[in-house]
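Engineer: quick one, what's the 3D model for this:
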Amino acid sequence: MTLITLTTDFGLQDTYVGVMKGVIAGIAPGVPCIDLTHTIPAQDVQSAAYWLWTALPYFPPDSIHLAVVDPGVGTERRALAAQTAWGIVVGPDNGVFSYVWEAAPPRQIVALENPAYRLPAPSATFHGRDVFAPAAAHLARGIPLTEFGPPISDPVKLPAPHLESDEQSLAGAVIAIDHFGNAITSIGRLVWNGGLLRLDPAFGQGQALTLNPARMSVHVAGRDLGLVRHTYADASAGAPLALIGSAGMLEIAVNRGHAVHELGVTLDTPVVLRTSRDEGSGIGDEGSGRLNP
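Structural biologist: The predicted structure follows:
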(Lines give C-alpha, C1' and ligand atoms only; values in the text may rest on other atoms or scores of the structure.)
Protein backbone atom coordinates (compact mmCIF):
# COMPACT_ATOMS: atom_id res chain seq x y z
CA MET A 1 0.00 0.00 0.00
CA THR A 2 1.19 3.52 -0.78
CA LEU A 3 1.48 6.16 1.91
CA ILE A 4 0.86 9.90 2.16
CA THR A 5 3.19 12.37 3.86
CA LEU A 6 2.01 15.75 5.09
CA THR A 7 4.05 18.95 5.36
CA THR A 8 2.39 22.20 6.40
CA ASP A 9 2.84 25.45 8.32
CA PHE A 10 -0.43 24.84 10.18
CA GLY A 11 1.11 24.10 13.57
CA LEU A 12 -0.51 21.75 16.08
CA GLN A 13 -2.75 24.10 18.06
CA ASP A 14 -5.69 24.06 15.65
CA THR A 15 -7.67 21.30 13.96
CA TYR A 16 -6.45 21.95 10.41
CA VAL A 17 -4.08 19.00 10.17
CA GLY A 18 -6.55 16.62 11.78
CA VAL A 19 -9.30 17.67 9.38
CA MET A 20 -7.05 17.03 6.38
CA LYS A 21 -6.36 13.55 7.71
CA GLY A 22 -10.08 13.03 8.18
CA VAL A 23 -10.72 13.90 4.54
CA ILE A 24 -8.02 11.47 3.45
CA ALA A 25 -9.43 8.70 5.65
CA GLY A 26 -12.91 9.22 4.21
CA ILE A 27 -11.69 8.83 0.63
CA ALA A 28 -8.85 6.32 1.06
CA PRO A 29 -9.48 4.35 4.26
CA GLY A 30 -6.43 2.63 5.69
CA VAL A 31 -3.81 4.58 3.73
CA PRO A 32 -1.03 5.53 6.19
CA CYS A 33 -0.41 9.24 6.74
CA ILE A 34 3.02 10.30 7.99
CA ASP A 35 3.56 13.79 9.39
CA LEU A 36 6.83 15.19 8.08
CA THR A 37 6.30 18.49 9.89
CA HIS A 38 3.59 21.01 10.61
CA THR A 39 5.93 23.64 12.06
CA ILE A 40 7.31 25.19 8.89
CA PRO A 41 7.53 28.95 9.66
CA ALA A 42 4.27 30.56 8.55
CA GLN A 43 4.18 31.22 4.79
CA ASP A 44 7.87 30.30 4.44
CA VAL A 45 7.87 28.51 1.09
CA GLN A 46 11.68 28.33 0.87
CA SER A 47 12.02 26.55 4.22
CA ALA A 48 9.35 24.06 3.15
CA ALA A 49 11.18 23.50 -0.14
CA TYR A 50 14.39 22.75 1.76
CA TRP A 51 12.86 20.30 4.24
CA LEU A 52 11.03 18.44 1.48
CA TRP A 53 14.31 18.10 -0.42
CA THR A 54 15.98 16.56 2.63
CA ALA A 55 13.14 14.17 3.48
CA LEU A 56 11.58 12.77 0.31
CA PRO A 57 14.51 10.53 -0.79
CA TYR A 58 13.96 8.38 2.30
CA PHE A 59 10.43 7.30 1.36
CA PRO A 60 9.25 4.56 -1.00
CA PRO A 61 9.12 5.86 -4.58
CA ASP A 62 5.36 5.28 -4.83
CA SER A 63 4.65 7.63 -1.92
CA ILE A 64 2.43 10.70 -2.24
CA HIS A 65 3.80 13.87 -0.68
CA LEU A 66 1.25 16.51 0.25
CA ALA A 67 2.70 19.95 1.07
CA VAL A 68 0.57 22.95 2.03
CA VAL A 69 2.53 26.12 2.69
CA ASP A 70 0.33 28.42 0.72
CA PRO A 71 0.42 32.20 1.24
CA GLY A 72 -1.44 32.59 -2.07
CA VAL A 73 -4.43 30.43 -1.13
CA GLY A 74 -7.61 31.69 -2.79
CA THR A 75 -5.77 33.67 -5.46
CA GLU A 76 -5.14 32.75 -9.08
CA ARG A 77 -2.18 30.52 -8.14
CA ARG A 78 -2.65 27.01 -9.49
CA ALA A 79 -2.95 23.76 -7.56
CA LEU A 80 -0.84 20.94 -8.96
CA ALA A 81 0.33 17.36 -8.71
CA ALA A 82 3.51 16.00 -10.29
CA GLN A 83 5.08 12.60 -10.80
CA THR A 84 8.76 12.36 -9.87
CA ALA A 85 11.26 9.62 -9.09
CA TRP A 86 10.63 10.40 -5.42
CA GLY A 87 6.88 9.88 -5.69
CA ILE A 88 3.94 12.14 -6.49
CA VAL A 89 3.97 15.63 -5.01
CA VAL A 90 0.73 17.53 -4.39
CA GLY A 91 0.44 21.19 -3.41
CA PRO A 92 0.27 24.81 -4.52
CA ASP A 93 2.13 26.03 -7.58
CA ASN A 94 4.29 28.49 -5.64
CA GLY A 95 7.75 26.91 -5.83
CA VAL A 96 7.42 24.67 -2.78
CA PHE A 97 8.72 21.69 -4.78
CA SER A 98 11.53 23.59 -6.53
CA TYR A 99 14.43 21.92 -4.74
CA VAL A 100 12.87 18.46 -5.03
CA TRP A 101 12.57 18.96 -8.76
CA GLU A 102 16.26 19.82 -9.10
CA ALA A 103 17.11 16.35 -7.78
CA ALA A 104 14.06 14.45 -9.05
CA PRO A 105 12.74 16.32 -12.11
CA PRO A 106 8.98 16.14 -12.71
CA ARG A 107 8.01 13.65 -15.37
CA GLN A 108 4.46 14.96 -15.58
CA ILE A 109 2.69 17.92 -13.95
CA VAL A 110 -1.05 18.54 -13.97
CA ALA A 111 -3.33 21.24 -12.63
CA LEU A 112 -5.84 20.03 -10.02
CA GLU A 113 -8.98 21.31 -11.75
CA ASN A 114 -11.34 18.32 -11.97
CA PRO A 115 -14.17 18.98 -9.46
CA ALA A 116 -14.73 15.23 -9.12
CA TYR A 117 -11.56 15.07 -7.04
CA ARG A 118 -12.26 18.05 -4.77
CA LEU A 119 -14.70 18.56 -1.94
CA PRO A 120 -17.90 20.36 -2.96
CA ALA A 121 -17.79 24.17 -2.84
CA PRO A 122 -14.13 24.58 -1.88
CA SER A 123 -13.33 27.30 0.63
CA ALA A 124 -11.16 30.21 -0.51
CA THR A 125 -8.95 29.83 2.58
CA PHE A 126 -8.54 26.08 3.21
CA HIS A 127 -7.41 24.34 0.04
CA GLY A 128 -5.49 21.87 2.20
CA ARG A 129 -8.83 20.37 3.20
CA ASP A 130 -10.86 20.96 0.06
CA VAL A 131 -8.39 20.55 -2.83
CA PHE A 132 -5.05 19.02 -1.82
CA ALA A 133 -6.12 16.35 0.70
CA PRO A 134 -8.82 14.95 -1.62
CA ALA A 135 -6.35 14.87 -4.53
CA ALA A 136 -3.76 13.01 -2.47
CA ALA A 137 -6.37 10.52 -1.28
CA HIS A 138 -7.70 9.83 -4.77
CA LEU A 139 -4.16 9.38 -6.05
CA ALA A 140 -3.57 6.87 -3.26
CA ARG A 141 -6.63 4.99 -4.52
CA GLY A 142 -4.97 4.68 -7.93
CA ILE A 143 -6.70 7.43 -9.92
CA PRO A 144 -4.32 8.33 -12.80
CA LEU A 145 -2.67 11.73 -12.68
CA THR A 146 -4.14 12.63 -16.05
CA GLU A 147 -7.67 12.50 -14.61
CA PHE A 148 -7.09 15.51 -12.37
CA GLY A 149 -6.67 18.21 -14.97
CA PRO A 150 -4.65 19.60 -17.88
CA PRO A 151 -0.85 19.41 -18.08
CA ILE A 152 1.35 22.23 -16.75
CA SER A 153 4.58 23.10 -18.55
CA ASP A 154 5.56 26.27 -16.65
CA PRO A 155 5.47 25.58 -12.90
CA VAL A 156 6.64 28.29 -10.53
CA LYS A 157 10.22 27.72 -9.37
CA LEU A 158 12.15 29.44 -6.61
CA PRO A 159 15.55 30.91 -7.49
CA ALA A 160 18.43 28.69 -6.44
CA PRO A 161 19.77 29.62 -2.99
CA HIS A 162 22.76 31.95 -3.02
CA LEU A 163 26.08 30.21 -3.67
CA GLU A 164 29.14 31.91 -5.14
CA SER A 165 32.72 30.69 -5.34
CA ASP A 166 36.12 32.06 -6.26
CA GLU A 167 39.69 30.96 -5.51
CA GLN A 168 39.48 32.29 -1.97
CA SER A 169 35.95 31.66 -0.75
CA LEU A 170 32.50 30.13 -0.97
CA ALA A 171 29.67 32.52 -0.14
CA GLY A 172 26.14 31.49 0.75
CA ALA A 173 23.34 32.30 3.17
CA VAL A 174 21.15 30.72 5.83
CA ILE A 175 18.22 28.95 4.14
CA ALA A 176 16.62 27.05 7.02
CA ILE A 177 16.63 26.88 10.81
CA ASP A 178 15.87 23.69 12.71
CA HIS A 179 14.25 23.04 16.11
CA PHE A 180 17.62 23.18 17.86
CA GLY A 181 18.42 26.63 16.49
CA ASN A 182 20.98 25.33 14.02
CA ALA A 183 21.25 27.55 10.94
CA ILE A 184 21.52 25.55 7.72
CA THR A 185 23.23 27.31 4.85
CA SER A 186 23.22 27.10 1.07
CA ILE A 187 26.89 26.00 1.05
CA GLY A 188 26.80 22.30 0.14
CA ARG A 189 26.47 19.48 -0.50
CA LEU A 190 29.76 18.76 1.22
CA VAL A 191 31.23 15.30 1.81
CA TRP A 192 34.31 14.47 3.87
CA ASN A 193 36.96 12.66 1.82
CA GLY A 194 39.81 11.92 4.15
CA GLY A 195 41.15 15.29 5.24
CA LEU A 196 39.50 17.12 2.33
CA LEU A 197 35.95 18.19 1.54
CA ARG A 198 34.24 17.61 -1.78
CA LEU A 199 31.57 20.10 -2.81
CA ASP A 200 28.85 18.74 -5.09
CA PRO A 201 26.66 21.83 -5.34
CA ALA A 202 23.01 21.35 -4.44
CA PHE A 203 19.97 22.78 -6.24
CA GLY A 204 21.49 22.55 -9.69
CA GLN A 205 24.05 25.32 -9.38
CA GLY A 206 27.82 25.70 -9.49
CA GLN A 207 30.55 23.16 -10.15
CA ALA A 208 32.12 20.38 -8.13
CA LEU A 209 35.13 21.50 -6.11
CA THR A 210 37.72 20.04 -3.77
CA LEU A 211 38.30 22.01 -0.57
CA ASN A 212 41.08 21.88 1.99
CA PRO A 213 39.28 22.64 5.26
CA ALA A 214 42.59 23.03 7.11
CA ARG A 215 43.12 26.23 5.10
CA MET A 216 39.61 27.62 5.50
CA SER A 217 37.45 29.18 8.17
CA VAL A 218 33.75 30.01 8.43
CA HIS A 219 32.54 33.59 8.91
CA VAL A 220 29.01 34.59 9.90
CA ALA A 221 27.41 37.54 11.67
CA GLY A 222 30.78 39.18 12.25
CA ARG A 223 32.26 36.06 13.84
CA ASP A 224 35.09 33.80 12.73
CA LEU A 225 33.99 30.32 13.73
CA GLY A 226 37.26 28.71 12.70
CA LEU A 227 37.59 25.42 10.88
CA VAL A 228 34.75 23.21 9.69
CA ARG A 229 34.11 20.53 12.32
CA HIS A 230 32.84 16.97 12.05
CA THR A 231 30.27 17.02 14.85
CA TYR A 232 28.81 19.25 17.58
CA ALA A 233 31.03 17.84 20.33
CA ASP A 234 34.12 19.05 18.48
CA ALA A 235 33.42 22.38 20.21
CA SER A 236 33.13 22.88 23.95
CA ALA A 237 29.69 23.29 25.48
CA GLY A 238 28.31 26.73 24.67
CA ALA A 239 30.82 27.40 21.90
CA PRO A 240 29.78 28.22 18.33
CA LEU A 241 30.98 26.11 15.42
CA ALA A 242 30.40 25.22 11.80
CA LEU A 243 29.99 21.63 10.65
CA ILE A 244 28.53 19.51 7.86
CA GLY A 245 24.96 18.60 8.74
CA SER A 246 23.05 15.42 7.95
CA ALA A 247 21.92 16.75 4.56
CA GLY A 248 25.46 17.70 3.60
CA MET A 249 24.99 21.44 3.98
CA LEU A 250 27.31 23.70 5.96
CA GLU A 251 25.57 24.34 9.27
CA ILE A 252 26.09 26.99 11.96
CA ALA A 253 25.54 25.70 15.49
CA VAL A 254 26.30 26.19 19.16
CA ASN A 255 27.19 23.01 21.02
CA ARG A 256 24.35 22.46 23.51
CA GLY A 257 23.08 25.91 22.64
CA HIS A 258 20.95 27.81 20.14
CA ALA A 259 22.85 29.43 17.27
CA VAL A 260 20.02 31.71 16.20
CA HIS A 261 19.62 33.21 19.67
CA GLU A 262 23.29 33.32 20.60
CA LEU A 263 24.77 34.46 17.28
CA GLY A 264 21.89 36.54 16.00
CA VAL A 265 21.63 34.76 12.65
CA THR A 266 18.35 34.65 10.74
CA LEU A 267 17.15 33.40 7.38
CA ASP A 268 19.24 34.99 4.60
CA THR A 269 22.16 35.88 6.91
CA PRO A 270 25.32 35.73 4.73
CA VAL A 271 27.82 32.95 5.46
CA VAL A 272 31.32 32.73 3.96
CA LEU A 273 33.79 29.84 3.94
CA ARG A 274 37.10 31.49 3.10
CA THR A 275 40.83 30.87 3.05
CA SER A 276 42.12 31.57 6.51
CA ARG A 277 45.89 31.28 6.08
CA ASP A 278 48.53 32.67 3.77
CA GLU A 279 49.13 29.29 2.18
CA GLY A 280 47.30 29.95 -1.04
CA SER A 281 43.83 28.91 -1.99
CA GLY A 282 41.97 26.16 -0.21
CA ILE A 283 39.75 25.61 -3.24
CA GLY A 284 40.67 23.25 -6.06
CA ASP A 285 39.28 22.32 -9.44
CA GLU A 286 37.16 19.22 -9.80
CA GLY A 287 39.11 17.79 -12.72
CA SER A 288 42.28 16.59 -11.04
CA GLY A 289 41.19 16.96 -7.45
CA ARG A 290 44.42 18.87 -6.76
CA LEU A 291 44.33 22.05 -4.71
CA ASN A 292 45.23 25.25 -6.48
CA PRO A 293 48.73 26.53 -5.51
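
Engineer: contact partners for the residue nearest to A233 when sequence neighbours are not counted?
Structural biologist: Among residues not flanking A233 along the chain, N255 sits closest, at 6.5 Å (Cβ to Cβ, 6 or more residues apart in numbering). Glycine gets a C-beta too; all of them are placed from N, C-alpha and C. Residues near N255 by Cβ atoms under 8 Å, 6 or more residues apart in numbering: 232-239, 241.

Engineer: got these as CSV, with pLDDT, distance to D178 and secondary structure columns?
Structural biologist: Converted to CSV, the contacts of N255 look like this (pLDDT from 0 to 100; distance: Cβ to Cβ, whole Å; DSSP: H, G, I helix; E, B strand; the rest coil):
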residue, pLDDT, distance to D178, secondary structure
Y232, 96, 12, helix
A233, 96, 17, helix
D234, 96, 18, helix
A235, 96, 17, coil
S236, 96, 21, coil
A237, 97, 19, coil
G238, 96, 18, coil
A239, 97, 19, coil
L241, 97, 15, strand
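
Engineer: farthest-apart pair in these, please.
Structural biologist: Spanning the widest gap among these are D234 and G238, at 13.5 Å by Cβ to Cβ.

Engineer: which one of the two has more residues nearby?
Structural biologist: Each of D234 and G238 has its neighbours counted (other Cβ atoms under 10 Å); D234 has more, 13 against 10.

Engineer: wait, the more buried one sits on L243?
Structural biologist: Yes: with contact defined as Cβ atoms under 8 Å, D234 reaches L243; the gap is 7.2 Å.

Engineer: who's in contact with G26?
Structural biologist: By Cβ under 8 Å, 6+ apart, the neighbours of G26 are A137.

Engineer: er, S165 actually
Structural biologist: 171, 206-207, 209, 283.

Engineer: by pLDDT, give me the weakest of these.
Structural biologist: pLDDT across the contacts of S165 is lowest for I283, at 68.

Engineer: for Q46, which three-state class applies?
Structural biologist: State at Q46, reduced to three classes by DSSP: H, G, I helix; E, B strand; the rest coil: helix.
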